[in-house]
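Enquirer: Quick check, what structure comes out for this input:
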Amino acid sequence: MKTLTWQSFKDQLSAHENRELQFKYASDRLVNASYHITEIKQANVTSVDCGGVMNAWTEIIVQLWEPTDEPSTEAMKVSKALSIINLVESKLPLNPNGIVKIEFGNAGFDTRQMVPTTVMADGDNLIVDLHADTVQCKAIERGGSCGTDANGDERCTPAAKPQLPLINLANNSAVCTPGSGCC
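Expert: Purely as a prediction, here's the structure:
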């Protein structure tokens, strides 16, 4: 699944400032139009994967809240969302290469972080299509292996390093020794 960077997300919003911003969290479900952007978080993640390799990345998490007592037929304008983003960035510089995640939940949908896969214009709306994040094995992505063997023991290994041929640097010819006069 392709991830969207914070800068790319903002660029796509900026291209559609006059549209209404909608978030699609299931095949036929939009976040209620009365939603609020309650906070934007920046999380710096550092991990060590099963192959023993350290990894680091940044996530920018936009949290949406759906009030139950505020009916609305029109969603927030993209320009309003951009003003919230500008306010946040005036106090917290956000990494433009951070991975965007949208955090949302309601009474019928457990709260989770989802990744926007597409941002598409549809009439007066700009729809951000959200999908569940996926789990990956970084060792496999680097050409290593991941999992357990027949005994149930972990067998996560880093990618094999290329074998370099050994060269015998010892020479059988006469060697200069101290006091021999050849040095």
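Enquirer: what's the pLDDT at A132?
Expert: Model confidence at A132, given as pLDDT, is 91.
Enquirer: contacting residues for it?
Expert: By CB atoms under 8 Å, 6 or more residues apart in numbering, the contact set of A132 is 112, 114-115. Using the backbone N, CA and C atoms, a C-beta is placed for each residue, glycine as well.
Enquirer: could I get those residues as JSON lines with distance to Q7, pLDDT and secondary structure?
Expert: What follows is the contacts of A132, written out as JSON lines (distance: CB to CB, whole Å; pLDDT from 0 to 100; DSSP: H, G, I helix; E, B strand; the rest coil):
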{"residue": "R112", "distance to Q7": "24", "pLDDT": "94", "secondary structure": "strand"}
{"residue": "M114", "distance to Q7": "19", "pLDDT": "96", "secondary structure": "strand"}
{"residue": "V115", "distance to Q7": "16", "pLDDT": "96", "secondary structure": "strand"}
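Enquirer: CA-only coordinates of the helix-or-strand element of the chain with minimal mean pLDDT in CSV, if you can.
Expert: Least confident helix or strand of the chain, by mean pLDDT, DSSP states H and E, is helix 138-141 with a mean of 77. Provided in CSV are the C-alpha atoms of helix 138-141 (Å, rounded to 0.1, in the frame of the first residue of the first chain):
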residue,chain,number,x,y,z
LYS,A,138,11.2,-5.2,7.1
ALA,A,139,13.6,-8.1,7.0
ILE,A,140,11.7,-9.6,4.1
GLU,A,141,11.6,-6.2,2.3
